[in-house]
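Make a model of this:
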Amino acid sequence: MKFGGTSVADAERLKRAVDRIVRAKDAGNDVVAVLSARGATTDELVAMAEEVSSTPDPREMDMLLSTGERISCALAAMAINDRGHRAISLTGSQAGIVTDTSHTKARILDVRADRIRAGLADGAIVLVAGFQGVSTAHDVTTLGRGGTDLTAVAVAAALGADVCEIYTDVTGVFSADPRIVPDARKLPVVAFEEMLEMASSGAKVLQMRSVEYARNHDVRIHCRTSFTDEPGTMVLGEQETMERPLITAVTHSTEEARVTLLGVPDEPGVAGRIFTSLAEANVNVDMIVQNEPVAEGASAEISFTVPRGDLRTAHATLAPYVGPVLAEVVDDPEMGKVSIVGAGMKTHPGVAAKVFETLGVQGINIEMISTSPIKISCVIRGDRVTEAVRALHTAFELGADDVRAEDPFGARA
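Numbers count the residues shown, from 1 in each chain. You can find the predicted model right below:
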């Protein structure tokens, strides 16, 4: 059971989460709960660091940021013990979360869950601090934004858990962001591949790396709200889902920045060196478009998108290339992205045409395009994203009122 920051934001909410944990234990389950930092604690810790340092050391940032989840776990353990159950709280390192050495964005290499198993064998409820681990160099590391989801899925995989319940402040996964599209509908079931594409294109309900880990280790995820007992959305393997609709959801992001490299030499290996450097700096490159040179020997342009938070790191990484290799690096930090996702796209032609036509009718210019077998993403101006999401949601009839039951004889009810 994973509880996000809003689910443990204050004493009353933390007690409600504890009540849910205790009920699961009383129902005869072995329970591991993975907790996030409370409310805006992580943001407050980041602000503290920026008050004393303009460029905080990544190792020390991990030491600082890992404290928020430890506070949540210790407080929850106290509350559980007061309810007559025995609880033990563990840091990420104590829980056996082993990562690589990439500070602030570490990747999990192994989960050595012996101490968790021992606690469960003793009848205790085990509380694990999310978002953190210990590197192969024995340093504290953190897993990046949304890393508590990843911790929960990784622990569930290591223990062979029946299900990994992700408790958030929303009731499940929706066909679009309900704050933008009021008639967006909750999806009872989503396949891993669809959820991966949704997470990668802006849906924040589940962290993309956690979905990828769940797919690779066959961990069933139940994404649900911590405020009611209603069922949420099950994220499952494609073999467990029925035939999927044409389009499952419209997702969006307003946190995109576009970087354009001017004067790229038209010779083999240049792009490889540049993007290798960006990868080594942990800059997550999404879409890439290259404008070929108009004549042999002329230079080219390469544009790509990165999360806005990675823009400063991208510029610092590219700076040594300006002059010796590139003419200039320019950026536009006010880009957005809108995507449609659906496994049914694999077998239905004409989806891309409908996307482009819908955006064209709205007068929305598409600046970059990326596709996969089950996703089409368009980079557009950030201030047009809301309009684009609503138009596509309507065009593909994804609203709650557009879903109608079919009777056994094929007539629409």
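
Quick check: bridge partners of residue 375?
As for beta bridges, residue 375 partners with residue 341, residue 372 under DSSP bridges.

Now do the contacts for it.
197, 201, 339, 340, 341, 345 (Cβ atoms under 8 Å, 6 or more residues apart in numbering). For the C-beta atoms, the positions are set from N, CA and C on the backbone; glycine is no exception.

next SSE after the helix or strand bottoming out on mean pLDDT in the chain?
When the helices and strands of the chain are scored by mean pLDDT, DSSP states H and E, strand 288-291 comes last with a mean of 88. The helix or strand immediately downstream of strand 288-291 is strand 300-307, counting by DSSP states H and E.

and that next one, what does it pack onto?
Counting contacts by 3 or more Cβ pairs under 8 Å, 6 or more residues apart in numbering; DSSP states H and E, strand 300-307 packs against strand 249-264, strand 288-291.

Specify which member of the contacts of residue 375 is nearest to residue 395.
When those are compared for distance to residue 395 (Cβ to Cβ), residue 340 comes out closest, at 9.3 Å.

so the closest one touches residue 247, yeah?
Yes: using Cβ atoms under 8 Å, residue 340 is in contact with residue 247, at 5.3 Å.

So which of those two has more stuff around it?
residue 340 (31 against 25; other Cβ atoms under 10 Å).

Would you map the helices across the chain?
For the chain, the helices defined by DSSP state H occupy 11-26, 41-52, 58-65, 67-82, 114-121, 147-159, 192-200, 208-217, 270-280, 311-318, 351-361, 385-395.

Can you tell me which of these is packed in deepest?
helix 147-159 (a mean of 27; mean count of other Cβ atoms under 10 Å).

just the angle between that helix and helix 192-200, please?
Using axes from the mean of the first three to the mean of the last three Cα atoms, to 10 degrees, one finds that helix 147-159 and helix 192-200 are set 160 degrees apart in direction.

If you average the pLDDT over helix 147-159, what comes out?
Helix 147-159 shows an average pLDDT of 97 in the prediction.

Send me that helix as PDB with only the CA atoms.
Written as PDB, here are the backbone C-alpha positions of helix 147-159 (Å, rounded to 0.1, in the frame of the first residue of the first chain):
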ATOM      1  CA  GLY A 147       9.800   7.900  -6.700                       C
ATOM      2  CA  THR A 148       7.600   6.600  -3.900                       C
ATOM      3  CA  ASP A 149       5.400   4.900  -6.600                       C
ATOM      4  CA  LEU A 150       8.600   3.200  -7.900                       C
ATOM      5  CA  THR A 151       9.600   2.100  -4.300                       C
ATOM      6  CA  ALA A 152       6.100   0.600  -3.800                       C
ATOM      7  CA  VAL A 153       6.100  -1.300  -7.000                       C
ATOM      8  CA  ALA A 154       9.700  -2.600  -6.500                       C
ATOM      9  CA  VAL A 155       8.900  -3.800  -3.000                       C
ATOM     10  CA  ALA A 156       5.700  -5.500  -4.300                       C
ATOM     11  CA  ALA A 157       7.700  -7.200  -7.000                       C
ATOM     12  CA  ALA A 158      10.400  -8.400  -4.500                       C
ATOM     13  CA  LEU A 159       7.800  -9.800  -2.100                       C
END
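
change the start of the numbering to 39 and stick with it
Done: numbering now begins at 39, and the last item shifts to helix 185-197.

Touching it from outside, list them.
Outside helix 185-197, the residues touching it (Cβ under 8 Å, 6+ apart) are 39-40, 42, 70, 72-74, 107, 130, 133-135, 146, 149, 151, 154-155, 158, 166-171, 181, 199, 201-202, 204, 244-245, 247-249, 251-252, 255-257, 259.

of those, buried ones?
By neighbour count, with 16 or more other Cβ atoms under 10 Å, the contacts of helix 185-197 hold 39-40, 42, 70, 72-74, 107, 130, 133-135, 146, 149, 151, 154, 158, 166-171, 181, 199, 202, 204, 244-245, 247-249, 251-252, 257, 259 as buried.

what is in contact with residue 378 and residue 285 at once?
389, 434.

Report the contact partners of the residue nearest to residue 376 when sequence neighbours are not counted.
What sits nearest to residue 376 in space, not counting adjacent residues and going by Cβ to Cβ, 6 or more residues apart in numbering, is residue 426, at 4.4 Å. The contact partners of residue 426, taken as Cβ under 8 Å, 6+ apart, are 290, 374, 376, 397, 400, 402, 416, 418.

Let's see the pLDDT reported for residue 426.
With respect to pLDDT, residue 426 scores 97.

Next one: it from residue 377, what distance?
Separation of residue 426 from residue 377 (Cβ to Cβ, to the nearest Å) stands at 10 Å.

overlap in contacts of those two?
Common neighbours of residue 426 and residue 377 (Cβ under 8 Å, 6+ apart) are 290, 416.

now the closest residue to residue 359 other than its chain neighbours: how far from residue 153?
The shortest distance from residue 359 to any non-neighbouring residue, by Cβ to Cβ, 6+ apart, is to residue 312 (6.2 Å). Counting by Cβ to Cβ, the gap from residue 312 to residue 153 is 44 Å.

Check residue 53 too.
Distance, residue 53 to residue 153, by Cβ to Cβ: 26 Å.

just to revisit the earlier point, take the helices and strands packed on strand 338-345 and write them to JSON lines, including mean neighbour count.
Shown next, in JSON lines, are these (neighbours: other Cβ atoms under 10 Å):
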{"stretch": "strand 287-302", "mean neighbour count": "22"}
{"stretch": "strand 326-329", "mean neighbour count": "14"}
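
Show me the one of these that comes nearest residue 80.
With Cβ to Cβ, the closest approach to residue 80 among the helices and strands packed on strand 338-345 belongs to strand 287-302: 16.7 Å.

Which strands border the closest one, and is each parallel or antiparallel?
Paired neighbours of strand 287-302 in the sheet (DSSP bridges): strand 338-345 (antiparallel), strand 366-379 (antiparallel).
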